[in-house]
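Novice: Everything below, folded, please.
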Amino acid sequence: MEWNAETLQYLSQCFLHTLSPQPEPRRRAESSLSEAAGRPNYGLTVLRLVAEPSVDEQIRQAAAVNFKNHLKTRWVPSNDPNAGPAFSPILDPEKDQIKTLIVSLMLSSTPRIQSQLSEALAVIGKHDFPKSWPTLLPELISNLQKAAKSYDYASINGILGTANSIFKKFRYQYKTNDLLLHLKYCLDNFAAPLLEIFLKTASLIDSTSAASGGVSPATLWPLFESQRLCCRIFFSLNFQELPEFFEDHMREWMGEFRKYLTTNYPSLESNGDGLALVDELRAAVCENISLYMEKNEEEFQSYLNEFASAVWSLLTNVSQSSSRDKLAVTAMKFLTTVSTSVHHTLLANEGVLQQICQSIVIPNVRLRDEDEELFEMNYIEFIRRDMEGSDLDTRRRIACELLKGIATNYKKQVIDIVSVQIQNLLSSFATNPSANWKDKDCAVYLVVSLATKKAGGTSVSTDLVDVQSFFFSVIVPELQSQDINGFPMLKAGSLKFFTTFRGLIQKTVALQVFPDLVRFLGAESNVVHSYAASCIEKLLLVKDEGGKAIYTSADITPLVPVLMNNLFNALKFPESEENQYIMKCILRVLAVADISSEIAGLCIVGLTSILNEVCKNPKNPIFNHYLFESVAILVRRACERDASLISAFEASLFPSLQTILANYVTEFLPYAFQLLAQLVELNKPPISPSYMQIFVLLLSHDSWRRSSNVPALVRLLQAFLQKAPDEVNQEGRLNQVLGIFNMLVSSASTDEQGFYVLNTVIEYLEYSVISPYMVKHGTQNLVDTINVVQANKFMVILEQFWIPNLKLITGAIELKLTAFASTRLICESPVLLDAASARVWGKMLDSIVTLLSRPEQDRVEEEPEMPDIAENVGYTATFDKLYNAGKKEDDPLTDVKDPKQFLVASLAKLSAASPGRYPQIITENLEPANQTALLQLFTTYKCKIV
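Specialist: Got it, this is the predicted structure:
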């Protein structure tokens with residue numbers, strides 16, 4: 001793209017139209033720019049337009065944004081195939097010209113354009129600095145020194161902002177030799193100029209603030225912004241380790257840091273924006289001293305006392321305004337770090353703990369107007385912060401973390417002080433419950449937040465109160481209140497207490513208030529009915545010390561009709577139509593309660609109604625996963641109890657599943673296939689024509705193109721192979737099934753799924769129908785069949801897939817099947833008995849012994865009884881398995897009773913045919929522990945290897 005008047009006019013018009021409120025011209029302009037972006041020198045041309053003073057400022061700003069985004073996608077295009085469309089990269093000559101122009105142009109631009117170009121420069125720096133852009137830092141330093149001489153703080157802050165952006169990588173990248181070399185280069189060149197401009201600006205602030213007659217906020221503003229940027233750069237350059245230059249000049253830095261924590265600047269702090277800027281500077285200082293406290297404690301200790309005093313004093317004067325939250329949080333984090341360090345005695349002086357609790361903790365734990373607004377206006381965010389622990393940077397959470405930190409060394413003192421505070425708060429509530437309800441909320445919050453969670457478990461404990469007594473006297477009155485809508489935040493806090501300490505509440509007591517939990521599902525507050533559902537769901541998970549569920553179907557079945565009715569009604573409240581906590585509770589109740597025909601009918605109608613609605617616009621992946629999981633467990637448990645329900649479930653579910661398939665609702669296709677597989681398996685042959693229509697579609701290769709569908713399609717195909725083996729052998733369908741197998745094993749990402757298909761073919765189809773494919777019909781047939789796909793494919797699969805994954809097999813049937821198959825392979829397959837395969841033979845035996853001799857929990861990570869759905873579940877290219885629609889495995893080897901005995905008997909027979917050969921292979925290839933285990937097995941079964 002050439003730079004000329006015509007290009008300038010064309011691009012100016014395009015950028016002007018991108019700002020149009022009319023969608024059509026805006027779309028045309030965006031399309032034209034997208035097409036032009038692929039041409040050489042496009043980025044350079046747009047940058048020149050940004051520099052053109054004759055062009056309207058608004059157009060130049062739009063061009064600057066476009067230029068920044070252009071660099072993000074094309075400076076170093078992503079190689080990730082899932083990242084979207086591939087972009088042609090910017091060529092090196094164009095890159096060189098852009099790097100030559102961008103710094104000077106950024107410094108001469110207006111603030112808004114400067115901000116965009118600074119971000120663009122940071123994009124380039126992320127990839128090219130310093131190796132491919134050695135002139136950048138000298139150019140920035142030279143311009144910084146020039147700007148400092150002329151007191152040009154617009155340019156100074158532009159340079160510091162750019163430096164801040166390119167130095168941020170030192171905060172989050174792993175420490176490597178390359179990173180440390182880059183850091184040293186930056187320190188050698190920038191540390192001294194940074195300190196120089198920091199001290200110069202500090203002097204200006206002092207002299208300006210001291211001037212008689214007052215000072216304009218506009219004068220101080222750029223100076224404080226400069227100091228804030230210097231502090232952020234300080235943080236980046238010191239993050240990895242303490243540089244020698246900063247250690248040598250610690251006194252200058254710390255002197256100014258302390259000044260900003262202890263000095264007020266009325267002319268700037270008198271308005272909201274000015275106060276916010278000063279607070280940002282103070283917060284940056286707190287982060288810097290926290291960093292030194294964590295990483296350079298020894299060098300920092302001489303300054304610690306005065307900083308602890310300064311921060312403590314600052315916190316007692318910070319208002320409860322949300323605009324000051326960041327400062328309050330960073331300051332409390334610093335004191336928390338001090339409280340857990342070897343210098344914790346600074347907080348142990350007489351009266352200090354009491355003052356910290358009264359003046360810092362309690363004020364920051366109390367509910368504010370902002371909390372009430374969030375509770376009412378955005379219940380999902382409130383719950384995310386309050387119940388799910390994403391409130392790490394909120395005042396309430398950090399204030400409690402401060403108390404926990406102090407309690408690390410002064411537990412008794414903290415318990416005594418906080419216990420008194422809790423009683424004072426409850427007494428205040430008792431004098432006037434309507435006016436002082438926030439005091440009770442504060443007391444409950446303190447008990448819950450300061451609870452100690454036991455390592456590796458969900459159980460909690462507290463020394464602040466006697467849980468049973470506190471529950472009876474403080475929590476139960478709220479839960480038994482007849483007005484479920486009164487004081488909703490207090491109700492929510494009480495439900496959270498019950499949920500947190502559920503393992504400590506006696507079963508008889510919990511069951512007495514269980515009906516009240518069911519009542520609260522009808523509360524109008526989204527938070528309250530969500531917390532009630534969450535409490536019920538988690539209560540049903542409580543186990544005794546032996547791992548047995550405390551609450552059984554007998555405990556809740558009498559309440560199930562009203563419970564399920566209230567749960568489904570709760571989903572009708574505004575903004576709770578896709579409430580994941582409600583749906584998760586439905587799932588848990590269906591997993592525990594006895595499901596009568598009447599309840600099953602109520603639930604399937606309710607669930608399919610919700611399913612039909614969410615099919616129109618899937619939005620909440622977690623809610624939808626719990627929805628499909630609820631359908632699956634309802635179908636499984638109800639039909640196990642009463643097989644006559646199958647046809648009723650089919651009548652309810654088929655229209656919904658057909659809608660998903662017909663409308664190609666991609667997010668739900670894997671779920672639909674898994675539910676169909678479940679329904680097929682519940683049927684008795686012959687399979688109905690409606691299912692066979694789906695089977696015909698299943699055999700089409702088009703159905704398998706989307707990788708996220710493959711595991712679910714395999715699951716469905718397995719169900720048809722099991723329930724309709726005769727139909728598979730008709731109309732060439734077996735060839736289609738084997739074609740699917742070949743397609744799956746030809747890809748590394750789906751080869752495992754291919755063997756699931758083949759296993760099912762071998763297991764359920766008559767031998768006369770199929771050519772031998774697997775161990776069940778001969779090891780050599782297995783090897784030859786796989787090698788038809790690709791020469792030597794069998795040995796590749798054996799080494800890369802079979803042997804490494806053999807020890808990860810779980811489940812009694814799966815273990816027996818794989819151990820049996822693997823044993824026959826090493827004892828019968830000519831390719832493995834060949835002397836050239838001795839190493840592979842040995843490694844295969846090593847994995848078999850691991851599989852058979854070690855407990856499952858020692859070989860694989862334990863899975864929960866029903867896994868929770870992680871918060872990052874979403875509509876991605878990955879497959880979401882329905883736990884409750886899993887395939888029920890049959891034992892195809894009923895004649896093999898003990899796989900361990902089969903192994904040693906087979907090895908004994910094999911070694912007898914070749915005496916002296918196998919002991920050496922075993923010694924060379926089996927782990928010592930497995931050699932011992934194998935010897936023990938031979939002793940147990942009275943066999944020997946020779």
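Novice: mind checking how far residue 545 is from residue 737?
Specialist: 50 Å (Cβ to Cβ, to the nearest Å). Glycine gets a C-beta too; all of them are placed from N, C-alpha and C.
Novice: and if you look at residue 311?
Specialist: Residue 311 is 70 Å from residue 737, by Cβ to Cβ.
Novice: With residue 374 instead?
Specialist: 55 Å.
Novice: hey, C-alpha coordinates of stretch 465-477 in PDB?
Specialist: Provided in PDB are the C-alpha atoms of stretch 465-477 (Å, rounded to 0.1, in the frame of the first residue of the first chain):
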ATOM      1  CA  VAL A 465     -17.200 -19.800  69.200                       C
ATOM      2  CA  ASP A 466     -18.800 -23.100  70.100                       C
ATOM      3  CA  VAL A 467     -20.300 -23.900  66.700                       C
ATOM      4  CA  GLN A 468     -23.300 -25.900  68.100                       C
ATOM      5  CA  SER A 469     -24.200 -23.200  70.600                       C
ATOM      6  CA  PHE A 470     -23.700 -20.400  68.100                       C
ATOM      7  CA  PHE A 471     -25.800 -22.200  65.500                       C
ATOM      8  CA  PHE A 472     -28.700 -22.600  68.000                       C
ATOM      9  CA  SER A 473     -28.600 -19.100  69.400                       C
ATOM     10  CA  VAL A 474     -27.600 -17.000  66.400                       C
ATOM     11  CA  ILE A 475     -28.300 -18.900  63.200                       C
ATOM     12  CA  VAL A 476     -31.400 -21.000  63.800                       C
ATOM     13  CA  PRO A 477     -33.600 -17.900  64.700                       C
END
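Novice: For residue 311 and residue 737, work out which one has more neighbours and name it.
Specialist: residue 311 (26 against 22; other Cβ atoms under 10 Å).
Novice: looking at it, the more buried one is touching residue 331, isn't it?
Specialist: Yes - with contact defined as Cβ atoms under 8 Å, residue 311 counts as touching residue 331 (5.0 Å).
Novice: Now list whatever residues contact both of the two.
Specialist: residue 286 (Cβ atoms under 8 Å, 6 or more residues apart in numbering).
Novice: Let's see the pLDDT reported for residue 149.
Specialist: Reading off the confidence values, residue 149 has pLDDT 96.
Novice: Next up, phi/psi of it, please.
Specialist: Torsion angles at residue 149 (phi, psi; degrees, to the nearest 10) stand at phi -60, psi -30.
Novice: Okay, it and residue 219: tell me how far apart.
Specialist: 19 Å.
Novice: cool, residue 585 as well?
Specialist: Counting by Cβ to Cβ, the gap from residue 585 to residue 219 is 59 Å.
Novice: Neighbour count: these two, which is higher?
Specialist: The neighbour count for residue 585 versus residue 219, taken as other Cβ under 10 Å, is higher for residue 585 (31 against 16).
Novice: what's near enough to touch the spatially closest residue to the more buried one that is not a sequence neighbour?
Specialist: Distance criterion Cβ to Cβ, 6 or more residues apart in numbering; nearest residue to residue 585, sequence neighbours excluded, is residue 533 at 3.9 Å. Contact partners of residue 533, counting by Cβ under 8 Å, 6+ apart, are 521, 567, 570, 579, 581-582, 584-585.
Novice: Out of the residues you listed, name the two that are farthest from one another.
Specialist: Maximum pairwise distance among these (Cβ to Cβ): 13.1 Å, between 521 and 584.
Novice: now for whichever strand or helix holds residue 935, which elements pack on it?
Specialist: Taking DSSP states H and E as the definition, one finds residue 935 inside helix 928-940. Judged by 3 or more Cβ pairs under 8 Å, 6 or more residues apart in numbering; DSSP states H and E, the packing partners of helix 928-940 are helix 838-853, helix 899-913, helix 918-925.
Novice: Now do the first one and helix 918-925, the angle between them.
Specialist: In this case it means helix 838-853. Here the directions of helix 838-853 and helix 918-925 differ by 80 degrees (axes from the mean of the first three to the mean of the last three Cα atoms, to 10 degrees).
Novice: related to what we said a few turns ago, out of the contacts of residue 533, who's the most crowded?
Specialist: residue 585 (31 neighbours).
Novice: I'd like to know the average pLDDT value across the helix or strand hosting that one.
Specialist: Element membership of residue 585 [criterion: DSSP H and E] is helix 580-592. Mean pLDDT, computed over helix 580-592, is 96.
Novice: swap in stretch 400-416?
Specialist: Rounded mean pLDDT across stretch 400-416 is 91.
Novice: CA atoms only for that stretch, dumped as CSV, please.
Specialist: Extracted in CSV, the C-alpha atoms of stretch 400-416 (Å, rounded to 0.1, in the frame of the first residue of the first chain):
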residue,chain,number,x,y,z
CYS,A,400,-9.9,-11.2,57.8
GLU,A,401,-6.7,-12.4,56.2
LEU,A,402,-4.9,-9.8,58.3
LEU,A,403,-6.4,-11.2,61.5
LYS,A,404,-5.5,-14.7,60.3
GLY,A,405,-1.9,-13.5,59.7
ILE,A,406,-1.7,-12.0,63.2
ALA,A,407,-3.2,-15.2,64.7
THR,A,408,-0.3,-17.2,63.2
ASN,A,409,1.8,-16.0,66.2
TYR,A,410,-0.8,-14.6,68.6
LYS,A,411,-3.7,-17.0,68.3
LYS,A,412,-5.0,-16.7,71.9
GLN,A,413,-4.9,-12.9,71.9
VAL,A,414,-6.7,-12.7,68.6
ILE,A,415,-9.3,-15.2,69.7
ASP,A,416,-9.9,-13.3,72.9
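Novice: Could you check how far it is from the centre of its chain?
Specialist: 31 Å (Cα atoms, centre = their mean, to the nearest Å).
Novice: what residues are up against residue 660?
Specialist: Counted by Cβ under 8 Å, 6+ apart, residue 660 has contacts 615, 668-669, 671-672.
Novice: oh, I was asking about residue 109
Specialist: Neighbours of residue 109 in contact, by Cβ under 8 Å, 6+ apart: 50, 64, 117.
Novice: and it, helix, strand or coil?
Specialist: Assigned with DSSP: H, G, I helix; E, B strand; the rest coil, residue 109 falls in the coil class.
Novice: What is whatever helix or strand comes next after the helix holding residue 585 packed up against?
Specialist: Heading C-terminal from helix 580-592, the first helix or strand you meet, by DSSP H and E, is helix 597-614. Packing partners of helix 597-614 (3+ Cβ pairs under 8 Å, 6+ apart): helix 560-570, helix 580-592, helix 621-641, helix 645-662.
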